[in-house]
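> Fold the following, please.
(one chain, ligands or ions: 2)
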Amino acid sequence: MAVLQWSQDLSVRVPSLDAQHQTMIALINELHDAVTGGRPRLFVDAAIEKVVEYTREHFSFEENCLLKACYQRFEHHQCEHSELAAKLDLLRWRHRNGDDAAGTELVETLTTWVHRHIRGSDRSYAGHLVRSGTE
Ligand SMILES: [Fe+2]
Ligand SMILES: [Fe+2]
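Numbers count the residues shown, from 1 in each chain. Ligands and ions are numbered 1, 2, ... in the order given. Take a look at the predicted model:
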């Protein structure tokens with residue numbers, strides 16, 4: 001069962017970024033299914049790899065958009081991304097090294113991230129990016 005679902009209240013009003021957030025949510029759901037479905041650990045490792053790498057790519061794309069649009073809170077936003085990226089790296093490392101609980105913690109961390117960061121910090125840049133013409 002899906003742990004997360006994209007809805008309009010997560011929209012940042014920029015189609016490319018909404019699409020990436022939807023992909024992130026789909027990958028978090030895949031990881032959740034792998035963790036709760038008792039799948040082999042190599043399968044879970046692959047799902048972790050996918051969501052962690054995609055999250056990094058998304059951060060770099062989003063930061064580029066914010067830079068191009070001269071977003072005033074760019075540094076603060078980038079800091080939040082760096083903190084999560086470091087957390088994800090550590091959890092991925094723990095899982096690779098035999099700690100099964102790290103898979104569950106990854107799902108929890110990413111779910112909290114969607115509720116707090118996307119709904120909060122990402123939605124705060126929406127108006128600015130729309131005015132700058134970002135698509
Ligand atoms: Fe962000
Ligand atoms: Fe984002």
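
> could you dump stretch 86-95 to PDB, C-alpha only?
What follows is stretch 86-95, C-alpha atoms only, in PDB (Å, rounded to 0.1, in the frame of the first residue of the first chain):
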ATOM      1  CA  ALA A  86      23.900  13.600   4.200                       C
ATOM      2  CA  LYS A  87      21.200  11.800   6.200                       C
ATOM      3  CA  LEU A  88      20.200   9.700   3.200                       C
ATOM      4  CA  ASP A  89      23.900   8.800   2.500                       C
ATOM      5  CA  LEU A  90      24.300   7.600   6.100                       C
ATOM      6  CA  LEU A  91      21.200   5.500   6.000                       C
ATOM      7  CA  ARG A  92      22.100   4.000   2.600                       C
ATOM      8  CA  TRP A  93      25.600   3.100   4.100                       C
ATOM      9  CA  ARG A  94      24.000   1.600   7.200                       C
ATOM     10  CA  HIS A  95      21.700  -0.600   5.100                       C
END
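
> for that stretch, what is the average pLDDT?
For stretch 86-95, the mean pLDDT works out to 98.

> what sits up against it?
41, 44-45, 48-49, 52, 55, 101-103, 105-106, 109-110 (C-beta atoms under 8 Å, 6 or more residues apart in numbering). (Each C-beta comes from the backbone N, C-alpha and C, glycine too.)

> do stretch 43-51 as well
By C-beta under 8 Å, 6+ apart, stretch 43-51 touches 24, 27-28, 30-31, 34-35, 91-92, 95-96, 103, 106, 110.

> Among the residues you listed, give me the pair with the biggest separation.
Distance extremes for the contacts of stretch 43-51: the farthest pair is 24 and 96 at 21.1 Å, using C-beta to C-beta.

> okay, the two: which has more neighbours?
More neighbours surround residue 24 than the other of residue 24 and residue 96, with 21 against 13 (other C-beta atoms under 10 Å).

> The host helix or strand of the more buried one: which residues count as buried?
Residue 24 belongs to helix 15-36 when assigned by DSSP states H and E. Buried residues in helix 15-36, counted by 16 or more other C-beta atoms under 10 Å: 17-18, 20-21, 23-25, 27-29, 31-35.
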